[in-house]
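> Sequence first, predicted coordinates after that:
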Number of protein chains: 4
Amino acid sequence: MDDQTHAEPPGYIQNKDDQLKRLRRIEGQVRGLQRMVEEEKYCIDILTQVSAATRALESVALSLLDDHLRHCMVHFAQDAQHSHEDKVAEASAAIARLVRS
Amino acid sequence: MDDQTHAEPPGYIQNKDDQLKRLRRIEGQVRGLQRMVEEEKYCIDILTQVSAATRALESVALSLLDDHLRHCMVHFAQDAQHSHEDKVAEASAAIARLVRS
Amino acid sequence: MDDQTHAEPPGYIQNKDDQLKRLRRIEGQVRGLQRMVEEEKYCIDILTQVSAATRALESVALSLLDDHLRHCMVHFAQDAQHSHEDKVAEASAAIARLVRS
Amino acid sequence: MDDQTHAEPPGYIQNKDDQLKRLRRIEGQVRGLQRMVEEEKYCIDILTQVSAATRALESVALSLLDDHLRHCMVHFAQDAQHSHEDKVAEASAAIARLVRS
């Protein structure tokens, strides 16, 4: 979790505004869910909105991961003399968490 | 989505405060994600937080669904002369959306 | 796991042939995956087939669950003087396993 | 799906026996499911086994993907003068299918 060890700028920077826009929309969805529970809306309608918010979060994750892999690819090519096993292991672990959540 | 057709109080009401507390925590997680992207934190660390928020949303959904099924059970027993096929179909469709999201 | 405790016929019996047909098709998909690995097919193509088999298994699960809920509904209505909390808890736990797998 | 276009040996070859062993075990699980449906075992017990088979398939996919990324990394480093955008896009699409299935 120590981002100090990652001196290079993160790989997703080109889509930063898009990601922030999506996350603000998801924040709105979660506030909408609170309102639905507060007003005791019908359970199935709330579940539909939870599924929509979950899918939106997954889209953010898949987009971040795509940017990350793109960034790693450039980095691997520029620094061919080192092994990057740890970077691949780290990406694989993140993918496993996404698939299983 | 028309909750006017659902005159009876929703089934999840007994856990309302719990659900609101969870949803507020998820809202905080999503705002935390915005901060991480804003400050260009390391991509894999952001993905870990996205997985945590996704799992938290799933927990809200599973808890709402459990309350809903409990509520339906009581209702079916009290109103045995009607078929409740539509209620089961509706619950199954909501479960399918959760499993596939 | 003791099915002796469940004397009544299981709820999914009306779709038994459909379910068996689907499961045989999934068995074929899994054998096809073995062949692809044996013949060292391209990894991404194998992953596509794994996703297809996973989705097919989820469809079997969702269909079994729908039949089960339908069956429970009839049973609850016929036996209104008992609480069926344990049946709902059991169904909710199965749904949670599906959502999280 | 044309594996003729992928002349180089696939990246997962070192774990081939492990993958085949896992896939044979999953084939056994799917045949076990057929037997359970045939013998009308209790629905919830069948669902538990479906979840286990689904998780086993996901493990195969995550392991194949890890091998693939490792293989790509070596390849990118050896062939630094070309862009490998298409390989990353392909991997990202496969990951998205896994996350959403």
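The structure has been received and is ready for your questions.
> okay, now the residue of chain A found nearest chain C: neighbour count?
Closest approach of chain A to chain C (C-beta to the nearest C-beta) occurs at residue A:100, with a separation of 7.2 Å. Where you see a C-beta, it was placed from the backbone N, CA and C, and this is true even at glycine. When neighbours are defined as other C-beta atoms under 10 Å in any protein chain shown, residue A:100 has 15 of them.
> Isn't it up against residue D:51?
No. Assessed by C-beta atoms under 8 Å, residue A:100 is found out of contact with residue D:51, at 11.9 Å.
> which residues do the two both contact?
When contacts are counted by C-beta atoms under 8 Å, 6 or more residues apart in numbering or on different chains, residue A:100 and residue D:51 are jointly contacted by residue C:101.
> quick one: the residue of chain A closest to chain C from residue A:56, how far?
To residue A:56, residue A:100 is 19 Å away according to C-beta to C-beta, to the nearest Å.
> element containing residue A:95?
Assigned by DSSP states H and E, residue A:95 belongs to helix A:85-100.
> May I see the buried residues of that helix?
Using 16 or more other C-beta atoms under 10 Å in any protein chain shown as the burial criterion, the residues of helix A:85-100 that qualify are A:87, A:88, A:90, A:91, A:92, A:94, A:95, A:96, A:97, A:98, A:99.
> Give me the residues contacting that helix.
Contacts of helix A:85-100 with the rest of the structure, by C-beta under 8 Å, 6+ apart, involve A:58, A:61-62, A:65, A:68-69, A:72, A:75-76, B:44, B:47-48, B:50-51, B:54, C:100-101, D:58, D:61-62, D:65-66, D:69-70, D:73, D:95, D:98-99.
> Quick one: buried ones out of those residues?
Among those, those classed as buried by neighbour count (16+ other C-beta under 10 Å) are A:58, A:61-62, A:65, A:68-69, A:72, A:75-76, B:44, B:47-48, B:50-51, B:54, C:101, D:58, D:61-62, D:65-66, D:69-70, D:73, D:95, D:98-99.
> what about the single longest helix found in chain A, near chain C?
Assignment by DSSP state H gives helix A:43-78 as the longest helix of chain A. No. Contact of helix A:43-78 with chain C is not found when judged by C-beta under 8 Å from any C-beta of the partner chain; the minimum separation is 9.7 Å.
> for that helix, packing partners?
Helices and strands touching helix A:43-78, as assessed by 3 or more C-beta pairs under 8 Å, 6 or more residues apart in numbering or on different chains; DSSP states H and E, comprise helix A:16-38, helix A:85-100, helix B:43-78, helix B:85-100, helix D:43-78, helix D:85-100.
> Helix B:16-38 and that helix, what's the angle between them?
For helix A:43-78 and helix B:16-38, the angle between their directions (axes from the mean of the first three to the mean of the last three C-alpha atoms, to 10 degrees) works out to 20 degrees.
> and the angle from helix A:43-78 to helix D:85-100?
Our comparison of helix A:43-78 with helix D:85-100, counting by the same axes, to 10 degrees, yields an angle of 150 degrees.
> chain center to helix A:43-78: distance?
4 Å (C-alpha atoms, centre = their mean, to the nearest Å).
> ok, now stretch A:42-62?
14 Å.
> Which residue, neighbours along the chain excluded, lies closest to the residue positioned nearest the centre of chain A?
Centroid-nearest residue in chain A, with C-alpha atoms, centre = their mean: residue A:61, separated by 2.3 Å. Spatially, and ignoring its direct neighbours in sequence, residue A:61 is nearest to residue B:50 (4.4 Å; C-beta to C-beta, 6 or more residues apart in numbering or on different chains).
> is it true that the one you found touches residue A:64?
Yes. Here residue B:50 lies in contact with residue A:64, judged by C-beta under 8 Å, at a distance of 7.4 Å.
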